[in-house]
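Asker: Have a look at this fold, sequence not included:
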């Protein structure tokens, strides 16, 4: 296969971009030789050309693109840049995949990498409800379409269960960058919220701001306010004294798939209007949400027992015995407080553990079956298909780490 020249403009300062880059690099190593181009300036040689108000930088960028095109540029994978920089890129008659940020279809480009915000919202809503929360909030940015796409489904899902949603939005990212001013208003909003409350933030960075505001307002986390961010950027989630829980995303898999689409486009295959989805994998629980908002000690104890034994082959009778309660009373309390039976909760946590092993490890199905208390691979396969509506291998393919074709 002939070497391809590919321009990649994806930030490596955040976990989302790093995940995409890992997937792209993995595909290039497996399927062919790609010569990657990134920024035209090394660090320390002047300011970035990405500043949207600088005509000089725009000129430099166009010169950079022109030189790449003349030397034989075959494809592009890029974050959405400011419009003056996206325009000359979009005019190039070469395959381009864009990752939107400000606009859903930047410069009319239709081959995109987008995050499944609805699935994120539903996942976090279920996560909080299963922990016993009955009060919920969201904090994001009005000006960002992806933030609104997380808030809307979060609100809709909660309203199906009769739960209202409290919302705090910054009008723009720029406004939230004036942190000294916004921290006061955000702290005031947090103080007024009913508690305990579960809060979804549009990103990990926003979650970090909420943690700071809680500390400023002397609000206990997670006892009063429980917070979950999005992206699972380890460098961000651990920056606060209270580690931030977050939704882990299958970015590496999406990057791998994007590279595959670009490779086919560069070979002349028509794959127009391809939308590549970054799926959420699971909520990674850290200190900011590591609590059960359950006032009943028996139910809280039962939940703790089920979680600690999610790899074992436990039954309802085992849970009842561990709580020194009668089965009838405990079943009634489960249904009233959590809306599920004890057996349903055992199955949910068992499935969650299987999903974790499928996506976070390369263990064969046989070994995962042994770890999670199944006698054979067939038993776990039937169980998983019944509960999740797909096969183990399909789930791993969609949400797991990218691997070479078998």
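Answerer: Now that the structure is in, tell me what you want to look at. Worth saying up front: this structure is predicted, and the values here are computed from it rather than measured.

Asker: so where's the longest helix in the protein?
Answerer: Taking DSSP state H as the criterion, the chain has its longest helix at helix 342-360.

Asker: List the contacts of it.
Answerer: Identification of contacts with helix 342-360 by C-beta atoms under 8 Å, 6 or more residues apart in numbering yields 130, 250, 281-282, 302-303, 306-307, 310-311, 314-316, 319-320, 330-331, 334, 338, 340, 363, 368, 371-373, 380, 383-384, 387-388, 392, 395-396, 399-401. All C-beta spots, glycine's among them, are computed from the backbone N, C-alpha and C.

Asker: Show me the helices in the stretch 51-200 of the chain, by range?
Answerer: 55-71, 83-91, 117-130, 145-160, 173-177, 179-192 (DSSP state H, counting those that start in this stretch).

Asker: deepest of the ones you listed, which one?
Answerer: Stretch with highest mean neighbour count among these: helix 117-130 (a mean of 21; mean count of other C-beta atoms under 10 Å).

Asker: give me the low-pLDDT residue ranges for this structure?
Answerer: Applying pLDDT under 70 to the chain picks out residues 1, 39-57, 171-177, 271-272, 401-406.

Asker: What segments of it are strands?
Answerer: Ranges of strands within the chain are 4-9, 34-37, 75-79, 96-99, 112-115, 136-141, 165-170, 197-201, 225-230, 245-249, 275-278, 280-284, based on DSSP state E.

Asker: Just give me how far the last one sits from the chain centre.
Answerer: In other words, strand 280-284. Relative to its chain's centre, strand 280-284 lies at 7 Å (C-alpha atoms, centre = their mean, to the nearest Å).

Asker: which helices and strands does it pack with?
Answerer: helix 117-130, strand 245-249, helix 342-360 (3 or more C-beta pairs under 8 Å, 6 or more residues apart in numbering; DSSP states H and E).

Asker: could those go into CSV alongside distance to residue 297?
Answerer: Rendered in CSV, the data for the helices and strands packed on strand 280-284 read as follows (distance: least, C-beta to C-beta, whole Å):
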stretch, distance to residue 297
helix 117-130, 18
strand 245-249, 23
helix 342-360, 16
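
Asker: so which of these comes closest to residue 200?
Answerer: Residue 200 lies closest to helix 117-130 among the helices and strands packed on strand 280-284, at 4.7 Å (C-beta to C-beta).

Asker: quick one: which of the helices and strands packed on strand 280-284 is nearest residue 99?
Answerer: strand 245-249 (12.6 Å).

Asker: quick one: the closest one to helix 117-130, angle?
Answerer: 140 degrees (axes from the mean of the first three to the mean of the last three C-alpha atoms, to 10 degrees).

Asker: now for strand 245-249, which elements pack on it?
Answerer: Applying 3+ C-beta pairs under 8 Å, 6+ apart, we find strand 245-249 packed against helix 117-130, strand 225-230, strand 280-284.

Asker: and these as CSV, adding distance to residue 31?
Answerer: Formatted as CSV, these follow (distance: least, C-beta to C-beta, whole Å):
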stretch, distance to residue 31
helix 117-130, 28
strand 225-230, 30
strand 280-284, 24
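
Asker: Quick check: which of those is nearest to residue 83?
Answerer: helix 117-130 (23.2 Å).

Asker: that older thread, buried sites along the longest helix of the chain?
Answerer: Buried residues in helix 342-360, counted by 16 or more other C-beta atoms under 10 Å: 342, 345-359.

Asker: How about stretch 214-226?
Answerer: The neighbour-count check on stretch 214-226 (16+ other C-beta under 10 Å) flags 214-215, 217, 219, 221-222, 224-226 as buried.

Asker: ok so, going back, tell me the one of the buried residues of helix 342-360 nearest residue 90?
Answerer: residue 359 (34.8 Å).

Asker: Next one: that closest one relative to residue 277, how far apart?
Answerer: In this view, residue 359 and residue 277 are 15 Å apart by C-beta to C-beta, to the nearest Å.

Asker: With residue 367 instead?
Answerer: Relative to residue 277, and taking C-beta to C-beta, residue 367 is found at 29 Å.

Asker: Pull the contacting residues for the residue nearest the centre of the chain.
Answerer: In the chain, the centroid-proximal residue (C-alpha atoms, centre = their mean) is residue 249; its distance is 3.6 Å. Applying C-beta under 8 Å, 6+ apart, we find residue 249 in contact with 16, 19, 115, 230-232, 278-281.
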